[in-house]
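>>> Need coordinates for the below:
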Amino acid sequence: MRYILLFILSFILSCQSKSTKRQLPLITKGIIEPKDSLPEVWIEYSTKDSIPKLLIKKLDSIGKESFKIANPKDDFQATDVVINEKLLWRQLRFLGKSDSFWIMTYKHGGIGLHYHFILCKIVDDNIKMFRTGVSTSDLETIHQIKDAMSNQKIDFKDLELKIEIDKI
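Next comes the predicted model:
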């Protein structure tokens, strides 16, 4: 009887922790979803030259090599079979801005072609919030990005950054 009670108690606690974990990645509230029923306005950009220099500098600082990316229509190294050594390993797929928030996604080639997701808030030439994740789902439109975020199809990195975004 004692073991059954312990099992039921542990089952209840594990169910509660799963629901708490499920809420963490849903960072769209107040950031990507419309605020106060006003229409959300995303300005979309189509070239790598539109990426804020501050964001490029941040990406340079966290990577092993300098951050280089191909434009959406340019060829890039999509597989691990290197045919042309001059091709870049990344290809910009989405770049958008709403208020002070920027979202950028890009394809990253190699053994497993996947998407990288970057969300940051830039205020007064400072990055106030920075968040990254990876996904195998298409992240090429704001609709696909919102869907992937709400359905937890983006694997976010750095737990500290998950908590930081909730403070904004």
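
>>> in the protein, which spans are helices?
Along the chain, counting by DSSP state H, helices occupy 2-23, 53-62, 142-150, 159-165.

>>> Let me know the distance separating the closest residue to I43 other than its chain neighbours from I103.
What sits nearest to I43 in space, not counting adjacent residues and going by CB to CB, 6 or more residues apart in numbering, is K97, at 4.9 Å. In short, each C-beta sits where N, CA and C put it, glycine included. Going from K97 to I103 by CB to CB, to the nearest Å gives 8 Å.

>>> One more: D75?
Distance from D75 to I103, by CB to CB: 24 Å.

>>> more neighbours, those two?
I103 (23 against 13; other CB atoms under 10 Å).

>>> picking that back up, who's the residue nearest to I43 bridged to?
Under the criterion DSSP bridges, K97 forms beta bridges with I43, W102.

>>> contacting residues around the residue nearest in space to the middle of the chain?
The chain has F117 as the residue nearest its centroid, 2.8 Å off, counting by CA atoms, centre = their mean. Neighbouring residues of F117 by CB atoms under 8 Å, 6 or more residues apart in numbering: I103, M104, T105, T132, G133, V134, S135, L139, I145, A148, I154.

>>> Could you check what's spatially nearest to it, not counting adjacent residues?
Nearest to F117 is G133, by CB to CB, 6+ apart, at 4.4 Å.

>>> I'd assumed K153 was in contact with that neighbour.
No - counting by CB atoms under 8 Å, G133 does not reach K153; the two are 9.4 Å apart.

>>> okay, those two: which has more neighbours?
More neighbours surround G133 than the other of G133 and K153, with 23 against 19 (other CB under 10 Å).
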